[in-house]
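> Build me a structure from this.
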Amino acid sequence: MARAGQQHGPGLIILAIIPVTAFLLGCWQVQRLGWKTDLIARFEDRLTFPPLELPLRIDPEAVKDFDYRKVYATGVLRHDQEMLIGPRILDGEEGYTVVTPLERKDARGNVHKILACRGWIKKEASPQWFRKKNGALPEGDVTIEGLLRIPPKGNMFTPKNEPEKGKWFFPSVEEMAEYSGSQPVWVEETMSEYF
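Numbers count the residues shown, from 1 in each chain. Next up is the predicted model:
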């Protein structure tokens, strides 16, 4: 017990800091809950809208305002520029996420491409000859329907992509767009008869 005029030790200060810190963390969690609830409601609302046709030219800055918006586009899938992201594990099996540029042309013949994330495939199905044999490489005009998305970034443990070697470890829209000559626009295909 401290007598009058004596200072309390650092233990009392630490004990006083603990409830204040707990209170502040609780307030922060409540704010985060509100933010997350609003975010989920906004995305769920966007999912109820009918699909929007993607214009040929897309402002990359506007994409964030349309995240999780259903869209569709018609064009030719450029299988010669396909990118496999991985390896990715799904249900204990190794595989890859397939990203194929979708090429569209305007009335003047100018080419406009977007990145179509077509889904996950098993490692055994990754060679194109295998998928072509099984009808999973559609030719000619196709219409893809999906969600306009901003894909997750890699973290500090993810290796760097090596486009020159055809090695993709995470979806970097900027790198993939530069590699394939596409616009930095990512559509996650949701309705596919091929995968």
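> show me where the chain has strands.
In the chain, the strands defined using DSSP state E lie at 52-53, 69-77, 83-90, 93-105, 111-122, 141-149, 186-191.
> got the ones you listed as a markdown table, with distance to residue 178 columns?
The way it works is simple: take the backbone N, C-alpha and C, and place the C-beta from them, glycine included. A markdown table is the format used below for the strands of the chain (distance: least, CB to CB, whole Å):
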| stretch | distance to residue 178 |
| --- | --- |
| strand 52-53 | 25 |
| strand 69-77 | 19 |
| strand 83-90 | 12 |
| strand 93-105 | 12 |
| strand 111-122 | 11 |
| strand 141-149 | 19 |
| strand 186-191 | 14 |
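> Just put these in TSV and tack on mean neighbour count and distance to residue 61.
Shown next, in TSV, are these (neighbours: other CB atoms under 10 Å; distance: least, CB to CB, whole Å):
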stretch	mean neighbour count	distance to residue 61
strand 52-53	12	17
strand 69-77	19	15
strand 83-90	16	24
strand 93-105	20	20
strand 111-122	21	15
strand 141-149	18	13
strand 186-191	19	14
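> Just give the nearest non-adjacent residue to the one residue sitting closest to the centre of the chain, would you?
In the chain, the residue lying closest to the centroid (CA atoms, centre = their mean) is residue 151, at 1.6 Å. Of all residues not flanking residue 151 in the chain, residue 171 sits nearest, at 4.0 Å (CB to CB, 6 or more residues apart in numbering).
> Go ahead and confirm the one you found touches residue 99.
Yes. Counting by CB atoms under 8 Å, residue 171 does reach residue 99; the two are 6.9 Å apart.
> Mind listing the shared neighbours of those two?
85, 117 (CB atoms under 8 Å, 6 or more residues apart in numbering).
> how is the chain carved up into domains?
8-48, 52-191 (automatic domain parsing).
> Least confident of these, on average?
The stretch with the lowest mean pLDDT among the domains of the chain is domain 8-48, at a mean of 85.
> so what secondary structure elements neighbour the lengthiest helix in the chain?
Of all the segments of type helix in the chain, defined by DSSP state H, the longest one is helix 10-48. Contacts defined by 3 or more CB pairs under 8 Å, 6 or more residues apart in numbering; DSSP states H and E place helix 10-48 against strand 69-77.
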